[in-house]
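J.: Give me a 3D structure for the following:
(one chain, ligands or ions: 1)
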Amino acid sequence: MSGLIEIEALTLRRDGRDVLRGVELTLAAGERLAIVGANGSGKTTLLRCLVGLEPPQEGRVTLFGTPCRREAEFRAARPRIGFLFQDSDDQLICPSVIEDVAFGPLNLGARPEDARRRAEAALAQLDLTHLADRFTHRLSGGEKRLVCLAGLLAMRPDVLLLDEPTNGVDTENGRKLRAALMAFDGAMILVSHDDGFVAEIATRAAVLHDGRLHPAHVHTHPHLHSHPHIHED
Ligand SMILES: Nc1ncnc2c1ncn2[C@@H]1O[C@H](COP(=O)(O)OP(=O)(O)OP(=O)(O)O)[C@@H](O)[C@H]1O
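T.: Next comes the predicted model:
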């Protein structure tokens, strides 16, 4: 066992159907693993199993070298994992942007002035300083996505789990988002339908198909407009 995250033989059934069937996954330090696959193939479910939000029927999850079965074991590991939910509205909980981004560090025990400094730095990194005093519920969809990511970066996690991070994000903000992810020195799992994003960011890719994870290739041709291709092996 050498990965930050290890999944062995993970099987999750819903309504008599196997959503995940014997999934094996290792995330090593510094990796940016893309998980792609059709709608409903189980990508979000896999991320949720990984942090203990959904209990599988079979299999093992090991986080940072510690086998996690019970909620208390997952809870101990969660501060080291920043999970960007597919729906930003599930993530934003405070009235103002600066409060929301500072909430993570504050919750992890940072002093209020440190939490605020970390929040300001995370917002500045994504060029969002101008949003600091805005109401979170009045942000646009793309703004919410970036503010959620700023909140995760402010927590300084070891691993990011990003569920469709570029959803609703425009070209310019997409560039800032990619730059922030490239500057992040931890490991990450990216779930995305954005092939260009995956081709640019991922160091490795896997396709979730029929409940199983298969290795995949991601590459771009050196055309004026790159054409990312994701092939199953
Ligand atoms: N709480 C739930 N109860 C019952 N079925 C669910 C629940 N959540 C998800 N599902 C079903 O489980 C399957 C996997 O869903 P999941 O959200 O993991 O897919 P996904 O690969 O992330 O899809 P997408 O690309 O559309 O986001 C789908 O068939 C979905 O309808």
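J.: hang on, isn't Gly30 packed against Met182?
T.: No: here Gly30 does not reach Met182: they are 11.8 Å apart, not a contact under C-beta atoms under 8 Å. All C-beta spots, glycine's among them, are computed from the backbone N, C-alpha and C.
J.: Can you name the residues of the protein that neighbour the ligand?
T.: Contact residues of the chain with respect to the ligand, defined by C-beta under 6 Å from any ligand atom, are listed as Arg14, Val19, Gly37, Asn39, Gly40, Ser41, Gly42, Lys43, Thr44, Thr45, Gln86.
J.: could you redo the last one with a cut-off of 8 Å?
T.: Taking C-beta under 8 Å from any ligand atom as the criterion, the neighbours of the ligand within the chain are 14-15, 17, 19, 37-48, 86, 163-164, 191, 193, 208.
J.: re earlier: need the overlap of contacts for Gly30 and Met182.
T.: Residues touching both Gly30 and Met182 do not exist when contact is defined as C-beta atoms under 8 Å, 6 or more residues apart in numbering.
J.: What subset of the residues of the chain next to the ligand is buried?
T.: Restricting the residues of the chain next to the ligand to buried positions leaves 19, 37, 41-48, 163-164, 191, 208, with burial counted as 16 or more other C-beta atoms under 10 Å.
J.: Which of those residues fall in helices?
T.: Judged by DSSP state H, helices contain the following of those: Lys43, Thr44, Thr45, Leu46, Leu47, Arg48.
J.: Could you dump these into a markdown table with distance to Ala154 and pLDDT added?
T.: As requested, these are arranged in a markdown table below (distance: C-beta to C-beta, whole Å; pLDDT from 0 to 100):
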| residue | distance to Ala154 | pLDDT |
| --- | --- | --- |
| Lys43 | 25 | 97 |
| Thr44 | 23 | 98 |
| Thr45 | 27 | 97 |
| Leu46 | 25 | 98 |
| Leu47 | 20 | 98 |
| Arg48 | 22 | 97 |
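J.: And those residues, which two are furthest apart?
T.: When C-beta to C-beta is used, the two most widely separated members of these are Lys43 and Arg48, lying 9.8 Å apart.
J.: Retrieve the pLDDT associated with Cys94.
T.: What the model reports as pLDDT for Cys94 is 95.
J.: how about it, what does it touch?
T.: Each residue near Cys94 by C-beta under 8 Å, 6+ apart is listed here: Asp100, Phe103, Thr136.
J.: 6 Å instead, please
T.: With contact set as C-beta atoms under 6 Å, 6 or more residues apart in numbering, Cys94 has these partners: Asp100, Phe103.
J.: Checking my notes, it in a helix, right?
T.: No: Cys94 is assigned coil when assessed by DSSP: H, G, I helix; E, B strand; the rest coil, not a helix.
J.: Look up phi and psi at it.
T.: Torsion angles at Cys94 (phi, psi; degrees, to the nearest 10) stand at phi -100, psi 160.
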